[in-house]
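Chemist: the following block contains a protein sequence and its predicted model.
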Amino acid sequence: MKIYLARPISGQSFEEVQDYYDQTKEYLTDMGYDVLSPMTGKQELRTELEFKAQGYDNIPVATNHAIYNRDQWMVRQSDMVYANLMSSNGRVSIGAMMEIAWAAMLGKHVIVAMEKDNIHQHAFVLEAAGTIFNNHEDVINYLVNFSEK
């Protein structure tokens with residue numbers, strides 16, 4: 001089963017973002033999931049001290065069009081999308097919101113992790129999500145049980 005991982009990345013370092021995706025991918029791969037993420041193949045960004053929301057015109061895999069097109073393609077390929085919004089730090093993640101919207105429109109199972117006071121608490125997110133948890137660990141436990149079905 002393919003799962004696409006989404007989360008806020010603007011304002012964070014390459015290392016912070018990549019560590020999260022590597023660790024989560026390892027857990028999910030061990031459970032038998034095929035994991036897709038927006039950081040796949042983006043080693044050219046490893047020197048970024050803080051990710052920007054746009055403006056990487058000099059890196060072919062990170063132009064606005066390339067990011068939009070490839071992330072949408074990966075959401076289409078997935079069976080489910082897990083959006084971990086726990087790390088938003090008060091910033092709205094437009095990218096993660098787009099990924100949730102694409103997934104919902106395509107009939108994917110959307111799993112969201114966010115706190116009760118998260119900035120992403122919005123009717124559209126709440127309705128697009130199939131299941132909402134208030135922490136990452138509960139999502140991982142849910143996915144363990146889901147993969148055993």
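Modeler: Structure's in. What do you need?
Chemist: tell me where the protein has strands.
Modeler: 2-6, 34-36, 80-84, 109-113, 131-133 (DSSP state E).
Chemist: could you double-check that residue 120 lies in contact with residue 86?
Modeler: No - counting by CB atoms under 8 Å, residue 120 stays clear of residue 86, with 9.9 Å between them. Quick note: C-beta positions are derived from backbone N, CA and C, even for glycine.
Chemist: any chance of the strands of the chain in TSV, with mean neighbour count and mean pLDDT too?
Modeler: Conversion of those to TSV gives the following (neighbours: other CB atoms under 10 Å; pLDDT from 0 to 100):
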stretch	mean neighbour count	mean pLDDT
strand 2-6	23	97
strand 34-36	18	96
strand 80-84	25	97
strand 109-113	23	97
strand 131-133	17	97
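Chemist: of the ones you listed, which approaches residue 28 most closely?
Modeler: strand 34-36 (5.0 Å; CB to CB).
Chemist: ok, the closest one: who's next to it in the sheet?
Modeler: strand 2-6 (parallel) (DSSP bridges).
Chemist: if we can go back for a sec, got any residues that touch both of residue 120 and residue 86?
Modeler: residue 114 (CB atoms under 8 Å, 6 or more residues apart in numbering).
Chemist: flag every buried residue along the top helix by length along the chain.
Modeler: If you go by DSSP state H, the chain has its longest helix at helix 14-30. Of the residues in helix 14-30, 14, 17-18, 20-21, 24-25, 28 count as buried by neighbour count, 16 or more other CB atoms under 10 Å.
Chemist: which two in the residues you listed are spaced the farthest apart?
Modeler: 14 and 28 (20.8 Å).
Chemist: where does pLDDT dip in the protein?
Modeler: 40-59, 61, 148-149 (pLDDT under 70).
Chemist: so for residue 103, which of the strands of the chain sits nearest?
Modeler: Between those, strand 80-84 lies closest to residue 103; by CB to CB that is 3.9 Å.
Chemist: could you check the angle that closest one makes with strand 2-6?
Modeler: Here strand 80-84 runs at an angle of 20 degrees relative to strand 2-6 (axes from the mean of the first three to the mean of the last three CA atoms, to 10 degrees).
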